[in-house]
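1. got a sequence here, can you model it:
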Amino acid sequence: MHVIYQADNLFDAHLVKHALEDAGIPAFVFGESLLGGMGELPLFGVLRVCVPDLARPEAEDIVARLDLGGGGDDPIVEGDESAGPLPA
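-> Down below sits the predicted model:
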C-alpha cells in the first residue's frame, strides 16, 4: 500500500477516495476512526488515502487533477476590489 494523499479533513479524504474508485482504483481511508479520539480538539496528520503500489502512478495523476484548495493561504486575490481597500 502507498499513501497517495494525506488529508486535512474527512471530506477531502473521501473526495479523493471516490475519485480514485470512479477510475477503478481501489482506495482506502486510514485514520478515520481516530478523529473522535481527541474529543473537540483538532487532530492533524492522521487521515491518509492509500492505494495498492501498482496503482500509484495513475492515482497520483488523478489526485493532481483534483482541486483540493491547495492554491494558497491568502483568500483575497491581488487586484480584487470586492473586499474593499487594503490598509496601507
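2. could I get the average pLDDT for stretch 58-69?
-> For stretch 58-69, mean pLDDT rounds to 89.
3. next one: stretch 32-43
-> Here the average pLDDT along stretch 32-43 is 65.
4. what's the longest helix along the chain packed up against?
-> For the chain, the longest helix by residue count, based on DSSP state H, is helix 10-22. Under the contact criterion of 3 or more C-beta pairs under 8 Å, 6 or more residues apart in numbering; DSSP states H and E, helix 10-22 touches strand 2-7, strand 28-30, strand 47-51, helix 56-65. Every C-beta, even on glycine, is put in place using the N, C-alpha and C of the backbone.
5. in its sheet, what does the shortest one sit against?
-> This means strand 28-30. strand 47-51 (antiparallel) (DSSP bridges).
6. what number of residues lie near Asp12?
-> Per other C-beta atoms under 10 Å, the neighbour tally for Asp12 reads 18.
7. chain neighbours aside, what residue packs nearest to it?
-> Closest residue in space to Asp12, ignoring its immediate chain neighbours: Leu68 at 5.7 Å, by C-beta to C-beta, 6 or more residues apart in numbering.
8. what is the neighbour count of Ala59?
-> Neighbour count for Ala59, taken as other C-beta under 10 Å: 24.
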